[in-house]
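Colleague: sharing a model that was predicted from the sequence below.
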Protein chains: 2
Amino acid sequence: MDRYDELMSLSVRKGFIWPTADLYGGFAGFYDYGHNGALMKRRLEDLWIDYFLHLGEDYYLIDTTSILPEASLKASGHVEHFTDILVTCTKCGENCRADHLLEEATKKSYEGIPPQEIDKLLAEHKIRCPKCKGAFAPSKPFHMMFPLMVGPMGKDPAYLRPETAQGVYINFKREFEALRRHLPLGLAIVGRAFRNEISPRQGTYRMREFIQAELQIFFNPKTFDSSIAFDDVQSSELLVARADKKDQGGADRATCSELVKSGLPLFYVYHLAKVQDFFLKELAVPADRFRFAELGEGERAFYNRIHFDMEVKQDSLGGFKEIGGVHYRGDHDLTGHQNTSKVSQTVTIDGETFIPHVLELSFGIDRMFWALLDAKYEKVKTEKGERYVLHLPPKIAPTQVAVLPLLGKDGLPEKAMPIYEQLAKEFKCFYDEGGSIGRRYARMDEIGTPYCVTIDHQTLQDGTVTIRERDTAAQKRPASSELGPIIGKLLSGQAKFESLP
Amino acid sequence: MDRYDELMSLSVRKGFIWPTADLYGGFAGFYDYGHNGALMKRRLEDLWIDYFLHLGEDYYLIDTTSILPEASLKASGHVEHFTDILVTCTKCGENCRADHLLEEATKKSYEGIPPQEIDKLLAEHKIRCPKCKGAFAPSKPFHMMFPLMVGPMGKDPAYLRPETAQGVYINFKREFEALRRHLPLGLAIVGRAFRNEISPRQGTYRMREFIQAELQIFFNPKTFDSSIAFDDVQSSELLVARADKKDQGGADRATCSELVKSGLPLFYVYHLAKVQDFFLKELAVPADRFRFAELGEGERAFYNRIHFDMEVKQDSLGGFKEIGGVHYRGDHDLTGHQNTSKVSQTVTIDGETFIPHVLELSFGIDRMFWALLDAKYEKVKTEKGERYVLHLPPKIAPTQVAVLPLLGKDGLPEKAMPIYEQLAKEFKCFYDEGGSIGRRYARMDEIGTPYCVTIDHQTLQDGTVTIRERDTAAQKRPASSELGPIIGKLLSGQAKFESLP
């Protein structure tokens, strides 16, 4: 079984994620979160919110609608430009994204390639239908937004949003006023976005409905650098693949100071470092599995002045894959909305009137979710054979503590239940008395539960219980009355398991 | 200014909720949450999740897609039946919901009225266009789901979900297996739903995109009652308007025991009591502002065997308004999916094979949000005049603690900042040094911040600070080093402000 199948099997068995409407033969490009997945995803979102809204003083979460009126997406350029190039097989009717076909054939990136060059390149590389080897009809642009008609006479054209960002931009002026006219101002949305992908593939990687977490930072380009605490990060090392070296597979370590010297703006490099910290420190992704990949001028969207993707190496997806991006969008979006709405988007601060610039930190929640399963699910060799462990950071594990009576008799469940009830007030707990203790530990290891508490015959005599750590399978034996504080400290990182008495 | 306008003004000024795409002249039936609203809404969702998933041992959150394939909504009956009756003015083109016109004219409920009776009734009551007094064209059914075409050739018909419930039903069998075949099994979704309402009105009350929190409880109808801890609730009093008395405006107090004696199933009454507890104890809605209203046989959906709406009295909306419902759906949904998908939805437990029944607890998050603003925003008379206070329960207040240096000089901000940074690690805090202290208190009162901490000249001398309670404006003076534990206890309800030394 390859790594992708192994993870999908774990995911379906344990209720992390599975294809939508499986009951009706599935629905390509859509996935549902099961009981463990939904909890882990909500925790991951909470962690993201907590971390990124602390990057600035005036950084806030907002929440806006999935359906947007056409005018707002005309202003952003999506109605005109949000297309992919579609090619259709003349023999079997298979639809493919032209840039993906070229990438597979040549192992180069064709993101942002001009449509008029596509047919020539497909012919040059003799690319035919991957399913039936038939010839392709001439390529054509395919619009990726889902259109809707709103109202009883269908008179209000609208779309499902293709990104959360526009919901922030059209609210900027209102929030700027309500928040008493400060810059930098950060506004974040965690929510669903929708794209009618031509060929959804690689499971959760390219979905038609997906969850984004995006922070838009509005700032004055003349003064932003001077407000940044660059000292905090200047010697941090980042793993970066620059645009000119990327196709050779090159990624180099560089300090933040070096990146600024190479010509990147100070505020931009600072945020790269903060994003890397999130992956390495908060999500505990191994340092060699996270990197930034720069998009060159031809690859990035025309409105992005600087664009580095965040990439996590995932064996299930064949290597480094994009999880999100850091986009310096300049004043493109607010200018677009100002031109279309005829409502001024300028601000006046200290006598200067200008349209704020935007730095966007954009993350795919589903992609992070999958990358964590990929990075954290491991077969561990033990004396007795092997065990499967999902080494999730405790903050995002769906269950934090399992309470397990050694046997379902001898008064052990009666002793275990009050302990469970007490712990459940404070932590996300799971009680289980079914099957051998070894099987129950194995179940908890596989869903990433950091700690198991076992009630045995000795508990009846002296009130102590065993507490077992997921990652090492090591055990300690505290009094059950001390469990709450101990587990609280372990989960928050204030105590280490090996230092427990 | 009437109550609705007063609340909408608060809401827009303070970033709670406002019309979507205001920049483009608005978008009827859609609202965005601002920086205070998004936080409060997420807290409200967390509180709901925490409370309702604790009603049973095997109760879990899942998360499913907004877009569903047509087959799943054919099975549920939505494709065929999810319509309202539309009448259009022959003169000005205004579109109206026929049942609403009849309700306004007669003050009776016409929910679920057969379409063939509509035109007769409209003529009988001489109802004409509310805008121009023109005559209506014959009524016709209007489909309320938003259709979509998925895939590059638009070959997969789909809809935006009109309720979250179907996402649970199509996942039931998978979760039942993954969760090791226990009943009762509770599966909840908190997420968006979409209805193309004919005439969205009353602000956030009838929206085209809205957020539901729904818990589906799957159970064995032969054994569910006996597993219920009815003793806990039997003497609880509920305020209930029965179907036969509702039109006379009657609502009576009855104990749970009395309701069971009147013929309602024990499990159903138990859940009414738990729902009421959520509103009265967790959200602190005054007891005389919450009631259940039964829907009679003609009013409720044909698949609901028993249906009581939850209603909260809202001055801004003219009285008691529906917030959600408790729906005994029987085996309607799983049977529908079994018939359409040809996949068995039966379970076998203790030798008995059956299709589980469903009890649905369904809540509108936006409606609860608005009802809380309505119930909690108050003008309070003081010695100096009056102040406006949003008496939110601390658990859902967007900001928990404000840290305010008395002046922006004399070293007070320098003393206040470390206190803020310390508290911000544990609580949602806000730091503010702008304007007079009275104005800053007033701002915090209006967004429902339960506690303000003020740093003054005495702090520089003896390290004490003032802590001020929102609801009473009373103040105490603890040492700043004790603030963390004190605020923690106040917020969790473990300590009372008046008992502080």
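Modeller: Yep, that arrived.
Colleague: quick one, what contacts the spatially closest residue to residue A:43 that is not a sequence neighbour?
Modeller: Excluding the flanking residues, the one nearest residue A:43 by C-beta to C-beta, 6 or more residues apart in numbering or on different chains is residue A:396, at 4.3 Å. Glycine gets a C-beta too; all of them are placed from N, C-alpha and C. Contact partners of residue A:396, counting by C-beta atoms under 8 Å, 6 or more residues apart in numbering or on different chains, are A:40, A:43-44, A:47, A:283, A:372.
Colleague: now do residue A:164
Modeller: A:64, A:189-191, A:193, A:212, A:214.
Colleague: again, only using 10 Å
Modeller: Residue A:164 makes contacts with A:62-64, A:66, A:188-193, A:211-216, A:360, A:362, as judged by C-beta atoms under 10 Å, 6 or more residues apart in numbering or on different chains.
Colleague: and the helix or strand harbouring residue A:404, what does it pack against?
Modeller: Per DSSP states H and E: residue A:404 is located in strand A:401-405. Applying 3 or more C-beta pairs under 10 Å, 6 or more residues apart in numbering or on different chains; DSSP states H and E, we find strand A:401-405 packed against helix A:412-424, strand A:429-431, helix A:437-446, strand A:451-455, strand A:466-469, helix A:483-492.
Colleague: for the third one, what is the distance to the chain centroid?
Modeller: Spelled out, that is helix A:437-446. 28 Å (C-alpha atoms, centre = their mean, to the nearest Å).
Colleague: what's the answer for the fourth one, then?
Modeller: For strand A:451-455, the separation from the chain centroid amounts to 31 Å (computed by C-alpha atoms, centre = their mean).
Colleague: can you tell me if it touches chain B.
Modeller: No: Strand A:451-455 stays clear of chain B (C-beta under 10 Å from any C-beta of the partner chain), getting no nearer than 17.1 Å.
Colleague: list the buried residues of whichever helix or strand comes after that strand.
Modeller: Per DSSP H and E, the first helix or strand lying C-terminal to strand A:451-455 is helix A:457-462. If you call a residue buried by 16 or more other C-beta atoms under 10 Å in any protein chain shown, then helix A:457-462 has these buried ones: residue A:459.
Colleague: before we move on, what about stretch A:276-291?
Modeller: Neighbour count says stretch A:276-291 has A:276, A:278-279, A:282-285, A:289-291 buried, by 16+ other C-beta under 10 Å.
Colleague: next one: stretch A:439-456
Modeller: Along stretch A:439-456, these residues count as buried under the neighbour rule (16+ other C-beta under 10 Å): A:440-441, A:443-456.
Colleague: from those, which is closest to chain B?
Modeller: residue A:443 (9.6 Å; C-beta to the nearest C-beta).
Colleague: partner strands of the strand holding residue A:404, parallel or antiparallel?
Modeller: When sheet partners are counted by DSSP bridges, strand A:401-405 sits next to strand A:429-431 (parallel), strand A:451-455 (parallel).
Colleague: reformat the ones you listed as JSON lines; add distance to residue B:24.
Modeller: Formatted as JSON lines, the strands paired with strand A:401-405 follow (distance: least, C-beta to C-beta, whole Å):
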{"stretch": "strand A:429-431", "distance to residue B:24": "48"}
{"stretch": "strand A:451-455", "distance to residue B:24": "52"}
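Colleague: and these, which one's lowest on average pLDDT?
Modeller: The minimum mean pLDDT among these belongs to strand A:429-431 (a mean of 94).
Colleague: gap between that one and the chain center?
Modeller: Using C-alpha atoms, centre = their mean, the offset of strand A:429-431 from its chain centre is 27 Å.
Colleague: cool, and stretch A:270-290?
Modeller: 13 Å.
Colleague: just the C-alphas of it, formatted as CSV.
Modeller: Only the C-alpha atoms of stretch A:270-290 are listed here, as CSV (Å, rounded to 0.1, in the frame of the first residue of the first chain):
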residue,chain,number,x,y,z
TYR,A,270,9.7,39.2,8.7
HIS,A,271,6.4,37.6,7.8
LEU,A,272,8.1,34.6,6.1
ALA,A,273,9.9,34.0,9.3
LYS,A,274,6.7,34.2,11.3
VAL,A,275,5.0,31.8,9.0
GLN,A,276,7.9,29.3,9.2
ASP,A,277,7.7,29.6,13.0
PHE,A,278,4.1,28.6,12.9
PHE,A,279,4.9,25.4,10.9
LEU,A,280,8.0,24.4,12.8
LYS,A,281,7.1,25.5,16.4
GLU,A,282,3.4,25.3,16.6
LEU,A,283,2.7,22.4,14.2
ALA,A,284,6.1,20.7,14.8
VAL,A,285,6.7,20.1,11.1
PRO,A,286,10.3,18.9,10.8
ALA,A,287,12.6,21.7,9.5
ASP,A,288,13.7,19.8,6.4
ARG,A,289,10.0,19.3,5.4
PHE,A,290,9.1,23.0,5.2
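Colleague: any part of it near chain B?
Modeller: No: counting by C-beta under 10 Å from any C-beta, chain B has no neighbours in stretch A:270-290; the shortest distance is 14.9 Å.
Colleague: mean confidence score for that stretch?
Modeller: 97.
Colleague: once you drop chain neighbours, what's closest to residue A:187?
Modeller: According to C-beta to C-beta, 6+ apart, the nearest residue to residue A:187 is residue A:168 (4.7 Å).
Colleague: same thing with residue A:355?
Modeller: That would be residue A:331: by C-beta to C-beta, 6+ apart, it lies 4.3 Å from residue A:355.
Colleague: in chain A, which segments are predicted with low confidence?
Modeller: A:246-249 (pLDDT under 70).
Colleague: which residues does the residue nearest to residue A:355 contact?
Modeller: A:218, A:221, A:303, A:338, A:345-346, A:354-358.
Colleague: now neighbour count and secondary structure too, for these, in JSON lines please.
Modeller: Putting these into JSON lines (neighbours: other C-beta atoms under 10 Å in any protein chain shown; DSSP: H, G, I helix; E, B strand; the rest coil) gives the following:
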{"residue": "A:218", "neighbour count": "27", "secondary structure": "strand"}
{"residue": "A:221", "neighbour count": "16", "secondary structure": "coil"}
{"residue": "A:303", "neighbour count": "19", "secondary structure": "coil"}
{"residue": "A:338", "neighbour count": "18", "secondary structure": "helix"}
{"residue": "A:345", "neighbour count": "23", "secondary structure": "coil"}
{"residue": "A:346", "neighbour count": "14", "secondary structure": "coil"}
{"residue": "A:354", "neighbour count": "15", "secondary structure": "strand"}
{"residue": "A:355", "neighbour count": "19", "secondary structure": "coil"}
{"residue": "A:356", "neighbour count": "24", "secondary structure": "coil"}
{"residue": "A:357", "neighbour count": "23", "secondary structure": "strand"}
{"residue": "A:358", "neighbour count": "23", "secondary structure": "strand"}
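Colleague: which phi and psi values does the residue nearest to residue A:355 adopt?
Modeller: Backbone torsions of residue A:331, given as degrees, to the nearest 10, read phi -100, psi 20.
Colleague: that one and chain B, how far apart?
Modeller: Distance of residue A:331 to chain B, given as C-beta to the nearest C-beta, to the nearest Å: 16 Å.
Colleague: am I right that residue A:192 falls within a helix?
Modeller: No: using DSSP: H, G, I helix; E, B strand; the rest coil, the secondary structure at residue A:192 is strand, not a helix.
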